[in-house]
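A.B. asks: Please work out how this folds:
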Amino acid sequence: MEKLFRFADHIAHKYGFTLMKIAELSIDKSKISPKAIEACRMLKEKGFQAFLVGGCVRDLLMDKSPKDWDLCTNAT
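C.D. replies: Numbers count the residues shown, from 1 in each chain. Sure, this is the predicted structure:
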């Protein structure tokens with residue numbers, strides 16, 4: 001999994017994004033939707049990458065409750 005994270009981090013930097021783990025942020029995990037966590041977990045169990053992205057991350061960083069959850073994945 002660490003190899004996949006390094007690759008995703010490389011791509012993120014190539015396009016000017018920063019890829020961070022929840023542990024690196026001041027996000028209360030209890031504020032993340034259990035369904036969003038389950039969706040990411042299921043995708044990862046199938047060998048895909050899955051990340052929370054967009055406004056939900058912004059809202060969590062601002063200590064707000066997201067109204068929706070955006071996932072980014074390499075699943076096709």
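
A.B. asks: residue contacts, the nearest residue to residue 73 once chain neighbours are set aside?
C.D. replies: Nearest non-adjacent residue to residue 73, counting by CB to CB, 6 or more residues apart in numbering: residue 50, 4.7 Å away. Heads up, the C-betas are built off the backbone N, CA and C, glycines and all. By CB atoms under 8 Å, 6 or more residues apart in numbering, residue 50 lies in contact with 39-40, 43-44, 71-73, 75.

A.B. asks: at 10 Å instead, please
C.D. replies: Residues in contact with residue 50 (CB atoms under 10 Å, 6 or more residues apart in numbering) are 36-37, 39-44, 71-75.

A.B. asks: Separate out the buried members of the residues you listed.
C.D. replies: 36, 39-40, 43 (16 or more other CB atoms under 10 Å).

A.B. asks: which stretches of the protein have low pLDDT?
C.D. replies: Counting by pLDDT under 70, the ranges of the chain that qualify are 1-5.

A.B. asks: show me where it has strands.
C.D. replies: 50-53, 70-73 (DSSP state E).

A.B. asks: Columns distance to residue 27 on top of those strands, output as CSV?
C.D. replies: Listed next are these as CSV, based on distance: least, CB to CB, whole Å:
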stretch, distance to residue 27
strand 50-53, 9
strand 70-73, 15
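
A.B. asks: Between the contacts of residue 50, which sits nearest residue 13?
C.D. replies: Using CB to CB, residue 72 is the member of those that lies nearest residue 13, at 15.6 Å.

A.B. asks: isn't the closest one right up against residue 49?
C.D. replies: Yes - between residue 72 and residue 49 there is a contact under CB atoms under 10 Å: 8.1 Å.

A.B. asks: which residues do those two both contact?
C.D. replies: With contacts defined as CB under 10 Å, 6+ apart, the residues shared by residue 72 and residue 49 are residue 8.

A.B. asks: quick one on the thing from earlier: the contacts of residue 50: which two are farthest apart?
C.D. replies: Going by CB to CB, the pair spanning the contacts of residue 50 furthest: 37 and 74, at 18.3 Å.

A.B. asks: Can you say which of the strands of the chain is nearest to residue 17?
C.D. replies: Here strand 50-53 is closest among the strands of the chain (CB to CB), at 9.2 Å.
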